[in-house]
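Novice: Any chance you can model this:
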Amino acid sequence: QRWVRDVVVPLSLCPYAREPLEGDRYAYSVSNASCADELIADFLDAAEDLLSERSPTEVAATVLIAPRLDGALSLEEFSALAGMLEDQCQDELDPICGGAVGAAFFHPRHVFDGLEPDDALNYERRAPFPCATLLRSTDVGKIVRAGLAEGRIISKDIHANNARVLR
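Specialist: From the prediction side, this is the model:
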């Protein structure tokens, strides 16, 4: 919670983070997962909960924190798992996510391809513990459409802002 409140929002690292924080609409869930299969199950449970049991006015985003994975999975294994779950989220035929959930994954030792490990821009995807932030695709879509209406591409804005702020 402190990471979102004290780092992500004040530095504007994510345009989706401020509104849920200010409206107290984040759900935080700590996973006891110590392997990929357990994290998959917890992730899908969190996605299902976000979509079915809570209204957008109550919970806008879920942060699934998996502290036991740090050390249990290598960064490469975690990244591969994150990629698989991101693909599943985008699959409109998936019985749980159905294209209705977006996810961003974070790891304490994340390094972008082409960057040195000590490059400050890596903190765009670093967090104190391995975690995933799950958002409703409709909420992300609203922000993307608003940006497009102003002639901006949000993903490029995020990267440019984060490079400026972190470096």
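Novice: Residues contacting the helix or strand of the chain with the lowest mean pLDDT, please?
Specialist: One helix or strand of the chain scores below all others by mean pLDDT, DSSP states H and E: helix 137-149, with a mean of 84. The contact list for helix 137-149 (CB atoms under 8 Å, 6 or more residues apart in numbering) reads Pro15, Tyr16, Pro56, Ala60, Ala61, Gly99, Ala100, Val101, Gly102, Ile153, Ile154, Asp157. From N, CA and C alone the C-beta is placed, and that goes for glycine too.
Novice: can you put these in TSV and add pLDDT and neighbour count?
Specialist: As requested, the contacts of helix 137-149 are exported to TSV (pLDDT from 0 to 100; neighbours: other CB atoms under 10 Å):
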residue	pLDDT	neighbour count
Pro15	84	17
Tyr16	87	21
Pro56	71	14
Ala60	88	22
Ala61	92	25
Gly99	91	13
Ala100	92	17
Val101	93	27
Gly102	92	21
Ile153	83	12
Ile154	83	17
Asp157	87	14
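Novice: before we move on, the earlier item: any buried residues in the least confident helix or strand of the chain, and which?
Specialist: Ser137, Asp139, Val140, Val144, Gly147 (16 or more other CB atoms under 10 Å).
Novice: What's the separation between the last one and Asn162?
Specialist: Look at Gly147 and Asn162: by CB to CB, to the nearest Å, they are 15 Å apart.
Novice: now do the third one
Specialist: From Val140 over to Asn162 the distance is 17 Å, taken as CB to CB.
Novice: so what's Arg54 scoring on pLDDT?
Specialist: The model reports Arg54 with a pLDDT of 62.
Novice: my bad, should have said Ala132
Specialist: 97.
Novice: what secondary structure does it sit in?
Specialist: strand (DSSP: H, G, I helix; E, B strand; the rest coil).
Novice: And the one 3 residues further on, by the same measure?
Specialist: Here Leu135 is recorded as strand under three-state DSSP.
Novice: ok, now which ones touch it?
Specialist: Tyr16, Ala60, Ala61, Val101, Gly102, Ala103, Ala104.
Novice: Tell me the gap between the strand or helix carrying the last one and the middle of its chain.
Specialist: Assigned by DSSP states H and E, Ala104 falls within strand 101-106. The chain centroid and the centroid of strand 101-106 are separated by 3 Å under CA atoms, centre = their mean, to the nearest Å.
Novice: Do a quick rundown of the strands in this protein.
Specialist: 26-30, 61-65, 101-106, 131-136 (DSSP state E).
Novice: For the protein, just list every one of the helices.
Specialist: All helices of the chain, identified by DSSP state H, fall at 2-3, 18-22, 36-52, 75-90, 137-149, 154-166.
Novice: Fine by me, thanks again.
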